[in-house]
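**Q** Next one to model:
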Amino acid sequence: ELLKKYKESDQKKLFVTKPLYQRSLIVAGGPLANFLLAIVIFSSIYTFVGKDFSPASIVEVLPNSPAYIAGVKKNDVIISINDKNVNSIMDVSRYISLSTSEFINFNVLRSNQEVQLKIKPNLIESQDDLGNNVKKRVVGIRIGLLNNTVNNVKLGPTKALYHSINEVYFITISSYKYVWELIRGRGDPRNLGGPIRIAQISGQVAQFGLLAFISTVAYISIALGAVNLLPIPLLDGGHIVMYII
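**A** As a prediction, this is how the structure comes out:
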């Protein structure tokens, strides 16, 4: 019935007459554009503003905290968290808050020796930087700059692209892990948000300046791309699954 509405020359242009692999590529184009936008934003920031590479040093371990019980000590330098390299002091809180497992694996440098530690974080009711109520993972440490030195580096195009792709990959995988934890009943649904929530956060972040707002646009773009690839009917991922079947 659909084909009867078009001339034979126009029938070849219809989406439904294209091979399945072409339809899959077309459907995947939307999420891909989301990821590419984020990569362009991050690459621009790293190239013209710079990326922070300041090592994270532990300046205080709270008594009887999870970190204290696990053996974390003052002046330890954090190398990695859950096998993810800590390249910046900003990575520490992010890796802790986005972790989904019961224990968090810390690799620290202590007296020129690498020490592996396993910490079971506490979950506490708290507020994020924007005043929103969340369940926060806390290990009981206070971090600072190693030797009080800030290391902000403007990257070349190649390195900026590399770190941008890594950032997009990390956020995408973290988003999928969060969705899986929600399915298992272990995630906090208060961290979810629709258009109103996005508008609220964007408005709050805009108060911190243009750079923070643009970065938030990149993270929202990644989230939209990741969600659209989920194998759910009506989403792009659902269409791709049907084409594969």
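**Q** Only alpha carbons, please: show stretch 54-70 as PDB.
**A** Taking Å, rounded to 0.1, in the frame of the first residue of the first chain, the C-alpha atoms of stretch 54-70 are listed here in PDB:
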ATOM      1  CA  SER A  54      46.900  18.000  39.000                       C
ATOM      2  CA  PRO A  55      47.700  14.800  41.000                       C
ATOM      3  CA  ALA A  56      45.400  14.100  44.000                       C
ATOM      4  CA  SER A  57      47.000  13.800  47.400                       C
ATOM      5  CA  ILE A  58      45.100  12.700  50.600                       C
ATOM      6  CA  VAL A  59      45.400  15.500  53.200                       C
ATOM      7  CA  GLU A  60      43.100  14.000  55.800                       C
ATOM      8  CA  VAL A  61      41.600  10.600  56.700                       C
ATOM      9  CA  LEU A  62      38.600  10.900  59.000                       C
ATOM     10  CA  PRO A  63      38.800   8.600  62.000                       C
ATOM     11  CA  ASN A  64      36.700   5.400  61.900                       C
ATOM     12  CA  SER A  65      35.700   6.200  58.300                       C
ATOM     13  CA  PRO A  66      35.700   3.500  55.500                       C
ATOM     14  CA  ALA A  67      39.000   4.800  54.200                       C
ATOM     15  CA  TYR A  68      40.500   4.700  57.700                       C
ATOM     16  CA  ILE A  69      39.300   1.100  58.200                       C
ATOM     17  CA  ALA A  70      40.700   0.100  54.800                       C
END
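**Q** List the neighbours of that stretch that are in contact with it.
**A** If you take CB atoms under 8 Å, 6 or more residues apart in numbering as the criterion, stretch 54-70 is touched by 72-78, 86, 88-89, 91-92, 106, 108, 117-122, 138-147, 149-152. For the C-beta atoms, the positions are set from N, CA and C on the backbone; glycine is no exception.
**Q** from the chain's centre, how far out does it sit?
**A** Distance of stretch 54-70 from its chain centroid, counting by CA atoms, centre = their mean, to the nearest Å, is 24 Å.
**Q** What residues of the helix or strand harbouring Tyr243 count as buried?
**A** With elements delineated by DSSP states H and E, Tyr243 resides in helix 236-244, which encompasses its position. Within helix 236-244, the residues scored as buried using 16 or more other CB atoms under 10 Å are 236-240, 243.
**Q** can you check stretch 57-77 too?
**A** By neighbour count with 16+ other CB under 10 Å, stretch 57-77 contains the buried residues 57-58, 61, 65-68, 70-72, 76-77.
**Q** re earlier: dump the buried residues of helix 236-244 to JSON lines, plus distance to Thr100 and pLDDT.
**A** Listed next are these as JSON lines, based on distance: CB to CB, whole Å; pLDDT from 0 to 100:
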{"residue": "Asp236", "distance to Thr100": "25", "pLDDT": "93"}
{"residue": "Gly237", "distance to Thr100": "21", "pLDDT": "93"}
{"residue": "Gly238", "distance to Thr100": "24", "pLDDT": "94"}
{"residue": "His239", "distance to Thr100": "28", "pLDDT": "94"}
{"residue": "Ile240", "distance to Thr100": "25", "pLDDT": "94"}
{"residue": "Tyr243", "distance to Thr100": "30", "pLDDT": "93"}
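**Q** distance of Tyr178 from Lys84?
**A** In this structure, Tyr178 and Lys84 are separated by 16 Å, where distance is defined by CB to CB, to the nearest Å.
**Q** okay, those two: which has more neighbours?
**A** Neighbour comparison, Tyr178 and Lys84: the larger count goes to Tyr178, with 19 against 16 (by other CB atoms under 10 Å).
**Q** what about Lys120, how many neighbours?
**A** The local packing count at Lys120 equals 14, with neighbours defined by other CB under 10 Å.
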